[in-house]
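[1] Sharing a model prediction with you, sequence too.
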Amino acid sequence: MLAALTDRQWLWLAAEFYLAGFFLGTCSLLRRGGPSGVAVYALIAFGYLLQLVGLTLRGRAVGGCPLGNTFELLQFTAWSAISLYLVVGVTFRSSVLGYFTACLAAVLTLVSLAIPAWDAERHVRIFGQNPWIEMHAALALFSYGVFALLALTSLMLLLRHFSLKSKHLGGLFSFLPSMVDLDHIGLRLLAAGVIILAGSLAVGSVYWLRDPASASYAKLFITIAVWLAYATALFLRLRGQLLAKRFAWTGLVLFGAALLSLWPVDASRSPAVAPAPHSVPRRHP
Amino acid sequence: MSSAGFFLFGTTHQRAPLAVREKLALDEAGAAALQNELAGVAGLRELAVLSTCNRIEFYGVADSPETIARVEAAFCARQKFAVEEFATFRLSLAGRAAVQHLFEVAAGIDSQMLGENEIFGQVKGAYAAAQERKATGPVLNRVFQKTFQAAKHVRTHTAIASGQVSVANVAVELALNIFGDLADTRILLLGAGDIGGKTAKAFQSRGAVTLTVSSRRFHRAMELATQFGASALPFEQREGRLAEFDIVVGSTAAPETVISATAVAAAIRKRPARPLFFIDLALPRDIEASVAEIQNVFLYNLDDLAKIADENRAAREAEVVRARALLTEKAGALWCQVLSSTGHASGLPLSTSAVRSRG
């Protein structure tokens, strides 16, 4: 029966697990018990596996990294953020981070699934036979996942800042990590994201220099602008000129801008499109 | 005994905000001066003054309401506070209701930190000081002694004091919300009194290592520093070296603020990446209120801490009801005894006593 499921059905299942993680966290909070760390983590991890199956099926169907339309880009971004959370979430020892990650993943995956037009057709021949350019795209999207987590920790920092300034420390606020911890996590995520995106741009630039027609100037401009914006934020943070609340707002605003930049980047790619393989059943090897 | 007999007037944290309470707070010198002034008030037979961070209350026995009004006017004049304005914050009780109030105060029911123990010692201190100044008589002696018995009974027979949190513990919890781990934080304690000691102990118990004590009397700072393995800082250097600290706890008895917003702004410029946390446990306050407006600076005063501590008050409301019922019964019994044994307050030397302590 599972073998008969399409990639989208696997992805729907994954989204439902993320949503379940979010609901479980909300219920725990309303009961004033705090998000149940292990349970939320388990739901996210299971959703992650299901999403991995769905993306693998899509990747096999299209013969490459599934990054050919808005739906796939959002799915991959959510998957990247979850990958990172599963690795670093335990280190950060923050059950609230899992709660927020489940929320973000649920929103990104459900919205992308709920709008059929985003997956009606996809760009083809964008990667060709060159694994490096696939790596470039995958790294770029992975950095977006890092920036997604940065946006979440920024949101948590703003909430913590608000709670401390307004002197409301109960409810959700009581489960937030400390200001200093959130600031350190944010700085590390920003540095990691900037480095990964720089790696992606470096790989892409080698390919572009060989074949300048492979990427439009609009795409080049937008991707470099995103990297520059994050790199500037990192520079200012390290110089002590972008701190606390401003740093957090920057993390949130830049992620919003980075997400929006996916549309023009996607649109500026190869004009060749084909129907997306909506109902790809799982193939047996 | 009519309302002109045993009386109580004053104000508490429930009626007056911190800014008003700090104007009305009596220090030892102020209390002594007021005592001399009231010595000439005819008809004032007994008087004890309870002055803590949360309340300023006068318990006494007077011949007439006019006598009480004169005491009130003298107090307001000393504090440079308009009598009319004081009336808007005033708590005024007499007879059994005043006894009941004193019972509840001593039992910690009326405290900002529900069930706290410190108030019991403060009431004892106020009574001892009144006795020392020969300002107590048959009414106050009996009322205060029964007060201590009633407060002990309530603490033993109800759960009013269980799970209670101290100001120092709330301050430490807040610091954890900002810094996470206290091992790397540098803490400056301004004031070497009882509160300073309790706060130092609370911080050390949660992993703080680097403590510095600064007091207007350097030898007191040295004493407390030695007790906690901390270092002492000359008081005049407190603002200049503010940037070296992450957490500053103010608990001095200084009549004016000892940390200005200008000094804090200068300090945060030197260490912009790290927050600065101020806990003001003093009354009058030690830290300028406008410090709270500075970016990456957090300021909490006594009322803020009490509000946070109060969040777990709901869980103990049932115990408050039980405690209050017990105290009402005991206050009624005592009042009947007082009426039958004294009839009215006997003549006593007119003097006041005051104890200034932190609550």
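    That came through, no problem. Residues are numbered from 1 along each chain as shown, chains lettered A, B, ... in the order given.
[2] count of neighbours near the closest residue to chain A within the stretch 151-300 of chain B?
    Taking CB to the nearest CB, chain A has its nearest neighbour within the stretch 151-300 of chain B at B:G180, 3.5 Å off. Where C-beta positions appear, they are placed from N, C-alpha and C, glycine not excepted. Neighbour count for B:G180, taken as other CB atoms under 10 Å in any protein chain shown: 18.
[3] That one is in contact with A:D181, isn't it?
    Yes: taking contacts as CB atoms under 8 Å, B:G180 lies within contact range of A:D181: 4.3 Å.
[4] And for the residue of the stretch 151-300 of chain B closest to chain A, nearest residue in space, chain neighbours not counted?
    Among residues not flanking B:G180 along the chain, A:S178 sits closest, at 3.5 Å (CB to CB, 6 or more residues apart in numbering or on different chains).
[5] contacting residues for the one you found?
    Going by CB atoms under 8 Å, 6 or more residues apart in numbering or on different chains, A:S178 touches A:R160, B:L176, B:N177, B:I178, B:F179, B:G180.
[6] low-confidence ranges in the stretch 151-300 of chain B?
    In the predicted model of the stretch 151-300 of chain B, residues B:161-165 satisfy pLDDT under 70.
[7] Quick one: the strands in it, in order.
    In the stretch 151-300 of chain B, strands defined by DSSP state E, counting those that start in this stretch lie at B:186-190, B:210-214, B:231-232, B:247-250, B:276-280, B:297-301, listed in chain order.
[8] So which residues lie in contact with the second one, not counting its own?
    Outside strand B:210-214, the residues that touch it by CB under 8 Å, 6+ apart are B:185-190, B:192, B:196, B:200, B:203-204, B:221-222, B:224-225, B:228-235, B:237-238, B:245.
[9] now that strand, how far from the centre of its chain.
    24 Å (CA atoms, centre = their mean, to the nearest Å).
[10] Show me where chain A has its helices.
    A:7-30, A:37-62, A:70-92, A:95-114, A:131-166, A:179-210, A:217-238, A:244-267 (DSSP state H).
[11] Let's have those in JSON lines, adding mean pLDDT.
    Formatted as JSON lines, those follow (pLDDT from 0 to 100):
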{"stretch": "helix A:7-30", "mean pLDDT": "88"}
{"stretch": "helix A:37-62", "mean pLDDT": "88"}
{"stretch": "helix A:70-92", "mean pLDDT": "83"}
{"stretch": "helix A:95-114", "mean pLDDT": "87"}
{"stretch": "helix A:131-166", "mean pLDDT": "88"}
{"stretch": "helix A:179-210", "mean pLDDT": "89"}
{"stretch": "helix A:217-238", "mean pLDDT": "91"}
{"stretch": "helix A:244-267", "mean pLDDT": "87"}
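[12] Kindly state the domain boundaries assigned to the chain.
    Going with chain A. According to automatic domain parsing, chain A comprises the domains A:1-126+A:274-285, A:128-269.
[13] I was thinking of chain B, sorry if that wasn't clear
    If you go by automatic domain parsing, chain B breaks into B:6-162+B:313-356, B:167-310.
[14] So for A:P131, which of these sits nearest?
    With CB to CB as the measure, domain B:167-310 is the member of those nearest A:P131 (41.3 Å).
[15] can the helix or strand hosting B:K23 be found next to chain A?
    Assigned by DSSP states H and E, B:K23 falls within helix B:18-24. No: taking CB under 8 Å from any CB of the partner chain as the criterion, helix B:18-24 and chain A are apart, separated by no less than 13.2 Å.
[16] Return the list of helices and strands in contact with that helix.
    Counting contacts by 3 or more CB pairs under 8 Å, 6 or more residues apart in numbering or on different chains; DSSP states H and E, helix B:18-24 packs against strand B:6-12, strand B:55-62.
[17] Nearest to chain B: which residue in the stretch 101-250 of chain A?
    In the stretch 101-250 of chain A, the residue that lies nearest chain B is A:S178 (3.5 Å; CB to the nearest CB).
[18] Need the phi and psi values for that residue.
    The phi and psi values for A:S178, taken as degrees, to the nearest 10, are phi -70, psi 160.
[19] Next, work out how far apart it and B:L281 are.
    Noted for A:S178: a distance of 21 Å to B:L281, by CB to CB, to the nearest Å.
[20] same check, this time on A:S216
    Note on A:S216: its distance to B:L281, by CB to CB, is 63 Å.
[21] got it, and B:F148?
    Distance from B:F148 to B:L281, by CB to CB: 26 Å.
[22] List the beta-bridge partners for B:L211.
    Applying DSSP bridges to B:L211 yields these beta-bridge partners: B:I187.
[23] check contacts around residue 226.
    Unless you meant another one, I'm taking chain A. Applying CB under 8 Å, 6+ apart, the residues near A:V226 are A:L197, A:L254, A:A257, A:A258, A:S261.
[24] mind redoing it with 7 Å?
    A:A258, A:S261 (CB atoms under 7 Å, 6 or more residues apart in numbering or on different chains).
[25] Relative to A:A3, which of the domains of chain B is closest?
    Of all those, it is domain B:167-310 that lies closest to A:A3, at 48.0 Å by CB to CB.
[26] Near chain A, which residues of the stretch 1-150 of chain B are found?
    Within the stretch 1-150 of chain B, not a single residue sits near chain A (CB under 7 Å from any CB of the partner chain).
[27] in the stretch 1-150 of chain B, which ranges drop under the pLDDT threshold?
    In the stretch 1-150 of chain B, residues with pLDDT under 70: B:1-4, B:28, B:32.
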